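> Here is my input; please provide its structure:
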Amino acid sequence: MTAAKTQTTLHALPLGTTAAVVQVRGNKMTRRRLLDMGLVTGESVTIHRVAPMGDPIDVIVKGYHLSLRKHEAEQITVEVRHATEQ
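Prediction:
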């Protein structure tokens with residue numbers, strides 16, 4: 001059994017999905033703020049709740065809840081790992 005890895009942005013993940021942060025993009029201030037809140041490379045992030053209109057998104061990172069706007073979540077590339085049979 002091997003792990004197939006899929007990269008996408010944080011805002012595209014379905015509810016309940018856990019993924020690892022790969023990259024945080026954006027302007028200097030936004031990027032620094034997201035990194036300071038714990039969204040660093042390799043960190044696990046779980047989609048906990050999504051508002052009815054899709055904005056904001058509540059994620060769990062480093063054991064706490066973090067609300068992100070959709071445009072902020074679009075700047076975060078994550079990697080979802082799926083187990084597949086070989």
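
> ok, which stretches of this protein are helices?
28-36, 70-73 (DSSP state H).

> what's the residue closest to the geometric middle of the chain?
The centroid of the chain falls nearest to Leu10 when counting by CA atoms, centre = their mean (3.7 Å).

> so of the helices of the chain, which one's packed in deepest?
Most buried of the helices of the chain, by mean neighbour count (mean count of other CB atoms under 10 Å): helix 70-73, with a mean of 18. Quick note: C-beta positions are derived from backbone N, CA and C, even for glycine.

> and of the helices of the chain, who's closest to Lys62?
Nearest to Lys62, of all the helices of the chain, is helix 28-36, at 11.6 Å by CB to CB.

> What average pLDDT does that closest one get?
Helix 28-36 comes out with an average pLDDT of 91.

> check contacts around Gly38.
Shown in contact with Gly38 (CB atoms under 8 Å, 6 or more residues apart in numbering): 61-62, 64, 66.

> if I look at it, how far off is Pro52?
Applying CB to CB, to the nearest Å, the value for Gly38 to Pro52 is 26 Å.

> Could you do Leu34 as well?
According to CB to CB, Leu34 stands 24 Å off from Pro52.

> re the thing from before, as CSV, the helices of the chain with distance to Glu43 would be great.
Below are the helices of the chain laid out as CSV (distance: least, CB to CB, whole Å):
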stretch, distance to Glu43
helix 28-36, 10
helix 70-73, 14
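
> how many other residues sit next to Arg81?
Arg81 sits with 12 neighbouring residues when counted by other CB atoms under 10 Å.

> pLDDT wise, what is it at?
Per-residue pLDDT puts Arg81 at 71.

> doesn't Lys5 make contact with it?
Yes: contact between Arg81 and Lys5 holds when scored by CB atoms under 8 Å: they sit 5.6 Å apart.

> so what's Glu43 up against?
20-21, 61-62.

> low-scoring stretches of this structure, by residue?
Under the criterion pLDDT under 70, the flagged ranges of the chain are 1-4, 82-86.

> so where do the strands sit in it?
Remark: strands assigned in the chain by DSSP state E are 2-9, 18-24, 44-50, 57-61, 64-68, 76-84.
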